[in-house]
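Chemist: sequence-free structure coming up:
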């Protein structure tokens, strides 16, 4: 039945399981709601502690996130490239981080006994790349290099699924500027870009002053989602609106206005920006040829978005205990069409109307291309498939029910975000979705 | 000048260097023409031996290749996912490959002293994933799972740049079928898909019988590009057209017709298919619930395309010693527009005609979206920029020269593949490109 429709549920590898009290999964420490939902509904599957298979629906969502980020990075002149994962440990020796980060680094030796690390972040590598290319004229700057790639961290206690894994996907940008002033401009541009990205997801976030930790540098901001499982504590001053990670400012008194009228809430860090100055460029000798013809140390910035974490954190914030909810722009599919049960009266009466509907949705709403799914498991009742669609969080559920045999045919549309049900003509349905979907 | 145009050369991070006899790069063993060209023209940059930075032009090309592969995989029901890189070494113990592959495996211990490998391939991991999900009904098969991800191999002597690296990007698919018959059908489907992919690149390839090596299984085919640096030897029987890797058949006599009229040529393996039978599924207990209600061992296949290698191999085959050539579908850009030199008479007379032209090309030829580049380095002569464009291999070079000030304006179009030059009106130019570009 499904040959004329591109995306059919029966063809998707989505192994639905159940995390029971005695299952393997519980023993593997299911520590957050999003992790349990993503495991149960076949979005991810655990391989070893802190390492997950990203299954097709999860990957489809992540590829959407990557596209959003790529577009925003392009707007600020971001140059996408890929650094190798294997990193010469000597680079980290030079920056001092080999010791400093220590046990969180995965280290290995090659057959020639050379020591490498699996990079959790690439300040040293980016700095070395630029230094290898010397001499570069000051005219070539700013340079804003970024990649989206797997990162590795030997967490002592991986937890919350994709949120604190040992292998994770990160977007990391490294900027190089000829002086502090232009480096600050770059910092502002990237922050604006991050605001655009987080706003487009539609999940409430706060940008707070951050601690620079082992990264170093003089200024840092964090983008935080508020959630009870968040491992950061965010202080907000109700008097002057100062907002910062308590690592930076403590949790009692506002360091800005000295008042005690502060609120502290838990946050999940989904983005982080660092103004690094010359911390890395100096020891790696990343220079440009200045206007005076002499080499000058470059000013660096580093900017990360935890892509796999952001995906999980969005689900953590938006979902209920039993049903996943996604930002519209990240949902693997936005619309699911549920045709009648096989052998039912409606099946013969509605013929293949849903195929028409499927194709019209894609044609009339271009952003729905590849985002409409047909639940072709017609051996199951409509009710059962409806429940499944709600659990996985496909926002617009279209049921081809009794009224679709009337003239004009009416389709049942469920908007699970608004928790509403409508009976609409084909046109009415398309207009409703077009108006309500958030794809900005 | 370039604000109204999306892709300007001056904004691209493309560090052009020169591999001289005394440079670092020579010491790092530049062992193939494509490697030297890609290094010199800022497509890649070496980090440590066998590990490369993939710079923006290289990544743009690779993302095109990935898109082509994704589309073909989708057509045969391929389910895209991502397996973790860190792989429990016990899985490889169970298959026997931990010892067998031995020194080519990168191995490391985590802080709890658990041993992991950085997977060069994922038969064990895929097999374990399916076995974890048991019981699965036979109705759910075939399963065709694939990923595109970084792979690792501790080559004793990395060489030829991306062609034999220690870290590389591979598309690997793993298929699971309920019996041998349907597994053979899957094998044929994937081979057809591979033929589509290699044909769309337009580089001449041969499909030959391959040796299964440490992979195991009973049947294997290789997709080979012919090139003098190729490390495989391909025997072709001029009498019966039998064709195979000499690892399988020796290099003297055709094993099919026993004649000695054979030719042996060097090849670069760019794809490989394996019919694995139950080699992995048996030891990993990857089963389905058969029609009789009992668990049955699944039949597996494994199918790889070396993505980073294929990119380099295409360049190796198509390029001259001094100029890169790409398959049209993989070139980072297909068209470059060279406006007049700053301060020239033509500059004032042609005004901003090239911006119009740029936008019209994108509008009239949809496949050129994001594939037209403006060489806005107007401090350089047209001649110099023309040479650069030829070296990097942008197929259609449009020069805004003297004749573009005539009425009607004529543009100089150089088709570097055909080595022809034409003076064409805007319409003529668009028609020429539309007709000659290979985007099938």
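Modeler: Cool, the structure landed. Quantities reported herein were computed from a predicted structural model and do not represent experimental measurements.
Chemist: Can you list the strands that the longest strand along chain A pairs with?
Modeler: Of all the segments of type strand in chain A, defined by DSSP state E, the longest one is strand A:262-277. Sheet pairing of strand A:262-277 (DSSP bridges) gives strand A:219-226 (antiparallel), strand A:232-237 (antiparallel), strand A:299-306 (antiparallel).
Chemist: what's the most buried one of those strands?
Modeler: Mean neighbour counts were taken over these using mean count of other C-beta atoms under 10 Å in any protein chain shown, and the top value, a mean of 26, falls to strand A:299-306. The way it works is simple: take the backbone N, C-alpha and C, and place the C-beta from them, glycine included.
Chemist: Quick one, grab the pLDDT at residue A:187.
Modeler: Per-residue confidence at residue A:187 stands at 98 (pLDDT).
Chemist: Show the contacting residues for it.
Modeler: A:175, A:219, A:273, A:275, A:301 (C-beta atoms under 8 Å, 6 or more residues apart in numbering or on different chains).
Chemist: Show me which of those has the smallest pLDDT value.
Modeler: Ranking the contacts of residue A:187 by pLDDT, residue A:219 lands last with 93.
Chemist: Would you confirm that residue A:402 contacts residue A:346?
Modeler: Yes - counting by C-beta atoms under 8 Å, residue A:346 is a contact partner of residue A:402 at 6.2 Å.
Chemist: Output the longest helix belonging to chain A.
Modeler: Longest helix in chain A, counting residues (DSSP state H): helix A:180-201.
Chemist: Now do the very next helix or strand once past that one: which elements does it pack against?
Modeler: Using DSSP states H and E, the helix or strand that follows helix A:180-201 in sequence is strand A:205-209. If you count contacts as 3 or more C-beta pairs under 8 Å, 6 or more residues apart in numbering or on different chains; DSSP states H and E, strand A:205-209 packs onto helix A:180-201, strand A:219-226, strand A:232-237, strand A:243-245, strand A:262-277.
Chemist: what residues does the next helix or strand after the last one touch?
Modeler: Next in sequence after strand A:262-277, counting helices and strands by DSSP H and E, comes helix A:279-284. Contacts to helix A:279-284, defined as C-beta under 8 Å, 6+ apart, come from residues A:91, A:94-96, A:123-124, A:126-128, A:130-131, A:176, A:216-217, A:286-287, A:297-300.
Chemist: can I get the helices and strands packed on strand A:205-209 in TSV with distance to residue A:163?
Modeler: Formatted as TSV, those follow (distance: least, C-beta to C-beta, whole Å):
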stretch	distance to residue A:163
helix A:180-201	16
strand A:219-226	10
strand A:232-237	12
strand A:243-245	17
strand A:262-277	7
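Chemist: ok so, going back, redo the strands paired with strand A:262-277 as a markdown table? Include distance to residue B:42.
Modeler: Converted to a markdown table, the strands paired with strand A:262-277 look like this (distance: least, C-beta to C-beta, whole Å):
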| stretch | distance to residue B:42 |
| --- | --- |
| strand A:219-226 | 32 |
| strand A:232-237 | 40 |
| strand A:299-306 | 21 |
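Chemist: In contact with residue A:56: list those residues for me.
Modeler: Counted by C-beta under 8 Å, 6+ apart, residue A:56 has contacts A:12, A:13, A:14, A:332, B:79, B:80, B:81.
Chemist: The last one reaches residue A:59, doesn't it?
Modeler: Yes - when contacts are counted by C-beta under 8 Å, residue B:81 is listed as touching residue A:59 (5.5 Å).
Chemist: residues contacting residue A:218?
Modeler: Residue A:218 neighbours (C-beta under 8 Å, 6+ apart): A:212, A:275, A:277.
Chemist: if I look at the last one, how far off is chain B?
Modeler: If I follow you right, that is residue A:277. From residue A:277 over to chain B the distance is 22 Å, taken as C-beta to the nearest C-beta, to the nearest Å.
Chemist: got the contact list for that residue?
Modeler: A:180, A:183, A:217, A:218, A:299, A:300.
Chemist: okay but the first one is in contact with residue A:297, surely?
Modeler: No - taking contacts as C-beta under 8 Å, residue A:180 lies outside contact range of residue A:297: 11.0 Å.
Chemist: quick one: which of the two has more around it?
Modeler: Applying other C-beta atoms under 10 Å in any protein chain shown to residue A:180 and residue A:297 shows that residue A:297 carries more neighbours, namely 17 against 13.
Chemist: Would you enumerate the residues in contact with that one?
Modeler: Taking C-beta under 8 Å, 6+ apart, we find residue A:297 in contact with A:278, A:281, A:282, A:285, A:286, A:287.
Chemist: now with 6 Å?
Modeler: A:278, A:281, A:282, A:287 (C-beta atoms under 6 Å, 6 or more residues apart in numbering or on different chains).
Chemist: Could you do residue A:123 as well?
Modeler: So residue A:123 contacts A:280, A:302 (C-beta under 6 Å, 6+ apart).
Chemist: let's see 7 Å
Modeler: A:174, A:280, A:302 (C-beta atoms under 7 Å, 6 or more residues apart in numbering or on different chains).
Chemist: what do you get for residue A:158?
Modeler: Residue A:158 neighbours (C-beta under 7 Å, 6+ apart): A:49, A:50, A:164, A:165, A:166.
Chemist: Quick check: chain neighbours aside, which residue is closest to it?
Modeler: residue A:50 (2.9 Å; C-beta to C-beta, 6 or more residues apart in numbering or on different chains).
Chemist: burial count for that neighbour?
Modeler: 24.
Chemist: Would you mind confirming that it is in contact with residue A:166?
Modeler: Yes - if you go by C-beta atoms under 7 Å, residue A:50 and residue A:166 touch, sitting 3.3 Å apart.
Chemist: So for these two, which residues contact both of them?
Modeler: Contacts common to residue A:50 and residue A:166, judged by C-beta under 7 Å, 6+ apart, are A:155, A:158.
Chemist: I'd like to know which of the contacts of helix A:279-284 are buried.
Modeler: Neighbour-count burial (16 or more other C-beta atoms under 10 Å in any protein chain shown) applied to the contacts of helix A:279-284 gives A:91, A:94-95, A:123-124, A:126-128, A:130-131, A:176, A:216-217, A:286-287, A:297-300.
Chemist: Surely residue A:55 and residue A:47 touch.
Modeler: No - counting by C-beta under 7 Å, residue A:55 sits too far from residue A:47 to count as a contact (11.5 Å).
Chemist: Give the residue from these two that has the larger number of neighbours.
Modeler: residue A:55 (25 against 20).
Chemist: Sketch out the low-pLDDT regions of the stretch 1-150 of chain A for me.
Modeler: Along the stretch 1-150 of chain A, the model assigns pLDDT under 70 to residues A:1-3, A:19-28.
Chemist: Could I get the full set of helices for it?
Modeler: Using DSSP state H, counting those that start in this stretch, the helices found in the stretch 1-150 of chain A span residues A:24-27, A:33-40, A:56-75, A:89-95, A:97-101, A:123-132.
Chemist: ok, which residues in the stretch 51-200 of chain A are in contact with chain B?
Modeler: A:51-56, A:59, A:77, A:79-86, A:88, A:103, A:106-108, A:110-111, A:125, A:129, A:132-133, A:143, A:145, A:150, A:154, A:156, A:166-167 (C-beta under 7 Å from any C-beta of the partner chain).
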